[in-house]
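**Q** Fold the following and give me the result.
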Amino acid sequence: MRAVFAFTPWESKRLIGKAVAALPEVKHALEHAQIVIAHGSTNVYVADEIMGECPEADRYVSGQVINGTLCQTQPEEKPAILRLVKGVSVPPVRTMDETLAGWDDTSLFIKGANAVDHEFNAGIFNAHHAAGTIGFAYGAICGTGIPLIVPVGLEKLVPSIKAAAAELGHAKADYFYGTKIGMLPLMNAKVITEIQAFDILFGLNAVHVGGGGVSGSEGTIVISVTGEEATVRSAIELVESFKGEPALKLKKRRCATCFAPPPAFTSGTDAAKEVGTVSDDEARVIKQCIFSGTAEEDLPNWFQKREAAE
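**A** Predicted structure coming up:
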């Protein structure tokens, strides 16, 4: 039997979250080892499926593309990274080195992505010049052999991660619509898209056959699956259970005060001023984002703005 599905990005995130939670290595780590579920909109659904609920789901993101703009979330609104020790959520520690201390190949690091190619390599945008969370963790992940799971929807499909990563970098582009970004390529991750999700959950062969949409269905991808009738009907039943998955209620960063602190950026940092490279006034001219320092009322009319009083 063949069934053809259309998934909005939010429905894809739910499907992928269910698949990640069903992985044998996730179940094992949940009982016997440790799991980090990093910030990200797809990881909200991963956490929801693994834990039963993602705390502060509408805030459990970091970098985001919102208003058609490369953006971030408000730092003090972002919850601490989720770390589970034998299934129990524990308070964060100060550094990633401390977080991953004593880990082996039975623990898991789960991090979403901004791009995936046809070979299922993944890439992560880096607003932080040293790649932020994944940058701090990736050396230990590779050096220790910690499994890295990357849930990412096919709405983010690109021709080549290698080419994309070579194209980006804070110092490379003369203009960014929003915040500056680079890309960290991941060639050794276990990438879970909708295709892998159907295999994990049902053992079904899935093919990406198209995408796009209008009137709220932008980013939709179309997937064809084939298999035994009973199995395909089970897949249909599951998909119908989450059709219409609502979007997260995400907010952009406050542009008026968005001058990133050290050591991440060069826009108005104390570190830059200490070495005498910029004055206080100049610090607010060197921007990490083209909208840095812009009052809400002065942003483009089409922006989904925060309340000016916030």
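**Q** going forward, measure contacts between C-alpha atoms and count neighbours the same way
**A** OK.
**Q** Any stretches of the chain with poor pLDDT?
**A** Applying pLDDT under 70 to the chain flags the ranges 260-286, 307-310.
**Q** Domain-wise, how is it divided?
**A** The chain resolves into domains spanning 2-249, 254-310 when parsed by automatic domain parsing.
**Q** so which of the ones you listed is the most packed in?
**A** domain 2-249 (a mean of 18; mean count of other C-alpha atoms under 10 Å).
**Q** How far off centre is it?
**A** 5 Å (C-alpha atoms, centre = their mean, to the nearest Å).
**Q** gap between the two ends of it?
**A** For domain 2-249, the first-to-last residue distance is 35 Å (C-alpha to C-alpha, to the nearest Å).
**Q** before we move on, what about stretch 89-109?
**A** End-to-end distance for stretch 89-109: 14 Å, by C-alpha to C-alpha.
**Q** try stretch 243-259
**A** Terminal residues of stretch 243-259 lie 39 Å apart, using C-alpha to C-alpha.
**Q** how long is stretch 163-174 end to end?
**A** By C-alpha to C-alpha, the extent of stretch 163-174 from end to end equals 18 Å.
**Q** What of stretch 180-196?
**A** End-to-end distance for stretch 180-196: 31 Å, by C-alpha to C-alpha.
**Q** Contacts for it, please.
**A** Contacts of stretch 180-196 with the rest of the structure, by C-alpha atoms under 8 Å, 6 or more residues apart in numbering, involve 12, 15-16, 19-20, 70, 120-129, 131, 135, 147-154, 161-162, 164-165, 168-170, 205-208, 223, 288-289.
**Q** now, which of those residues lie within helices?
**A** Among the contacts of stretch 180-196, the residues falling in helices (DSSP state H) are 12, 15-16, 19-20, 135, 161-162, 164-165.
**Q** would a markdown table of those with distance to Thr42 be doable?
**A** As requested, these are exported to a markdown table (distance: C-alpha to C-alpha, whole Å):
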| residue | distance to Thr42 |
| --- | --- |
| Ser12 | 9 |
| Leu15 | 10 |
| Ile16 | 8 |
| Ala19 | 12 |
| Val20 | 11 |
| Gly135 | 19 |
| Ile161 | 19 |
| Lys162 | 23 |
| Ala164 | 21 |
| Ala165 | 21 |
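**Q** Among these, which one sits closest to Ser234?
**A** Leu15 (13.5 Å; C-alpha to C-alpha).
**Q** now that closest one: how far from Val46?
**A** From Leu15 to Val46 the distance is 9 Å (C-alpha to C-alpha).
**Q** and if you look at Trp103?
**A** From Trp103 to Val46 the distance is 21 Å (C-alpha to C-alpha).
**Q** who's in contact with Gly112?
**A** Gly112 neighbours (C-alpha under 8 Å, 6+ apart): 38-43, 124, 150-152.
**Q** and it, how far is that from Trp302?
**A** For Gly112, the distance to Trp302 - C-alpha to C-alpha - is 28 Å.
**Q** How about Gly87?
**A** Applying C-alpha to C-alpha, the value for Gly87 to Trp302 is 43 Å.
**Q** Please apply the same query to Gly182.
**A** In terms of C-alpha to C-alpha, Gly182 sits 26 Å off from Trp302.
**Q** Please, where are all the strands along the stretch 1-150 of the chain?
**A** Under the criterion DSSP state E, counting those that start in this stretch, strands of the stretch 1-150 of the chain are mapped to 2-7, 34-37, 63-66, 69-72, 82-85, 88-89, 108-110, 115-116, 122-126, 148-151.
**Q** on contacts alone, who are the packing partners of the second one?
**A** Strand 34-37 makes packing contacts with helix 41-51, strand 82-85, strand 108-110 when contacts are defined by 3 or more C-alpha pairs under 8 Å, 6 or more residues apart in numbering; DSSP states H and E.
**Q** Quick one, which of those gets closest to Lys249.
**A** Lys249 lies closest, by C-alpha to C-alpha, to one member of these: helix 41-51, at 10.5 Å.
**Q** Which member of the ones in helices among the contacts of stretch 180-196 is positioned nearest Phe242?
**A** Of all the ones in helices among the contacts of stretch 180-196, Phe242 sits closest to Leu15, with 8.3 Å by C-alpha to C-alpha.
**Q** so what's Ala47 closest to, chain neighbours aside?
**A** Nearest residue to Ala47, sequence neighbours excluded (C-alpha to C-alpha, 6 or more residues apart in numbering): Cys54, at 5.2 Å.
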